[in-house]
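A.B. asks: sequence and predicted model, in that order:
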Amino acid sequence: MLYLLWHQNPDTDAICAPLAWSAYLTDQGIANTPIRLGDINNETRFVLDYANITEPKLQTTLNPGSSLVLLDHNDEAQSIPNRDIYTISWLIDHHALGKCTTNAPLMIRVEPVWCTCTVIHQIFTERNYTPSKQIAILMISAILSDTLFFRSPTTTHADRDAVTALNTIAHIPNLEEYAIKMFDAKSQLDGLSPDQIITTDYKIFSMGTKKIAIWVIETTNPRFALNKKKELLTAMAERKVNDGVDAIFIHIIDILTETNTTLVLGKEEEQAIQAIYGAHTQDHLANLGDKISRKKQLVPACEKYFAR
Ligand code: MN
Ligand code: MN
């Protein structure tokens with residue numbers, strides 16, 4: 001059996017890309033099971049409801065030797081625990097290559113576009129494969145989510161073109177309205193514990209000998225997150241110890257104004273924020289201006305500082 005999996009604390013791309021690839025493999029007669037490594041967030045739940053698709057099952061261990069398709073991630077720190085006991089058969093991604101070693105040759109497709117579903121759209125096009133309406137909806141949603149409706153810096157033409165092409169199948173009447181509904185769903189943090197909020201988008205990166213946690217809350221209403229500052233700081237302190245990371249950051253990204261307000265836990269983080277971004281911290285808060293992309297701006301900047 002081929003297992004399709006994506007990073008922990010899955011975002012919308014992380015859920016939709018494997019479902020799209022799974023549908024394709026199934027149509028080719030290749031048995032496969034998509035499994036998720038964590039809870040899905042409210043945005044993804046909205047998308048799955050809209051497309052009328054049930055969420056994949058939660059499973060974090062497999063039989064040793066199982067074959068994996070990695071989607072939307074490659075670094076082992078973000079993947080299934082003990083990944084080296086499995087065989088990686090495929091990797092489809094749009095992130096920088098992190099710690100990713102394999103015990104056998106594999107198919108790799110990693111491109112500098114803004115969403116794994118954009119890469120998948122390109123493969124589908126090359127292979128003359130047309131996805132179903134439901135899958136087209138998922139793929140569009142993933143691209144709108146990863147690009148923040150094309151607001152993210154350096155969104156590529158490929159991402160826009162993929163959405164245009166896929167919407168001839170999906171027929172979402174007003175894409176901007178649809179995107180805002182997705183983002184509003186994601187911004188609903190009420191009733192969630194800090195640890196559930198973490199699952200909205202928490203990633204650990206290996207940087208040199210250090211492990212850095214970068215947690216992003218993309219929201220149309222930063223107040224939701226800022227009102228929970230105290231609880232979030234407590235959750236950060238716990239995560240820092242439990243996950244054994246050297247530093248932890250929460251970036252609250254206002255999708256509408258495209259600005260980044262960062263929660264700064266302690267002295268180490270405060271020094272780092274000053275050195276990396278030249279930003280001053282007050283009351284555990286720092287203004288990082290327009291640094292809204294983890295992949296393109298935050299991770300590379302942190303890497304320069306921590307991997308020295
Ligand atoms: Mn992702
Ligand atoms: Mn992605």
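C.D. replies: Looks like it came in fine. Numbering: from 1, shown residues only. Ligands and ions are numbered 1, 2, ... in the order given.
A.B. asks: right, is stretch 138-151 up against ligand 1?
C.D. replies: No: judged by Cβ under 5 Å from the ion, stretch 138-151 and ligand 1 are separated, with a smallest distance of 6.8 Å. Backbone N, C-alpha and C define where each C-beta goes, glycine included.
A.B. asks: buried residues in that stretch?
C.D. replies: Judged by neighbour count (16 or more other Cβ atoms under 10 Å), stretch 138-151 contains these buried residues: 138-150.
A.B. asks: likewise stretch 287-297?
C.D. replies: Buried residues in stretch 287-297, counted by 16+ other Cβ under 10 Å: 288, 291-297.
A.B. asks: biggest separation within these, which pair?
C.D. replies: Within these, 288 and 295 form the most distant pair, 15.1 Å apart (Cβ to Cβ).
A.B. asks: what's the closest non-adjacent residue to residue 60?
C.D. replies: Leaving aside its chain neighbours, residue 60 sits nearest to residue 37 (5.7 Å; criterion: Cβ to Cβ, 6 or more residues apart in numbering).
A.B. asks: dihedrals phi and psi, that neighbour?
C.D. replies: Torsion angles at residue 37 (phi, psi; degrees, to the nearest 10) stand at phi -100, psi 10.
A.B. asks: give the contact list for it.
C.D. replies: Residue 37 makes contact with 5-8, 10, 58, 60, 79-80 under the criterion Cβ atoms under 8 Å, 6 or more residues apart in numbering.
A.B. asks: switch the cut-off to 10 Å
C.D. replies: 5-10, 14, 58-60, 73, 78-81 (Cβ atoms under 10 Å, 6 or more residues apart in numbering).
A.B. asks: put the buried members of those into a ChimeraX selection.
C.D. replies: In ChimeraX syntax, the buried subset of the contacts of residue 37 is picked out as below (16+ other Cβ under 10 Å):
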select :5,6,7,8,9,10,14,73,78,79,80
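A.B. asks: restrict the contacts of residue 37 to those near ligand 1?
C.D. replies: The subset of these within reach of ligand 1, by Cβ under 5 Å from the ion, is residue 14.
A.B. asks: among the contacts of residue 37, which ones are in helices?
C.D. replies: Counting by DSSP state H, the part of the contacts of residue 37 found in helices is residue 14.
A.B. asks: what residues does this protein put near ligand 1?
C.D. replies: 11, 13-14, 72.
A.B. asks: could you dump these to CSV with pLDDT?
C.D. replies: Converted to CSV, the residues of the chain next to ligand 1 look like this (pLDDT from 0 to 100):
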residue, pLDDT
11, 90
13, 93
14, 91
72, 95
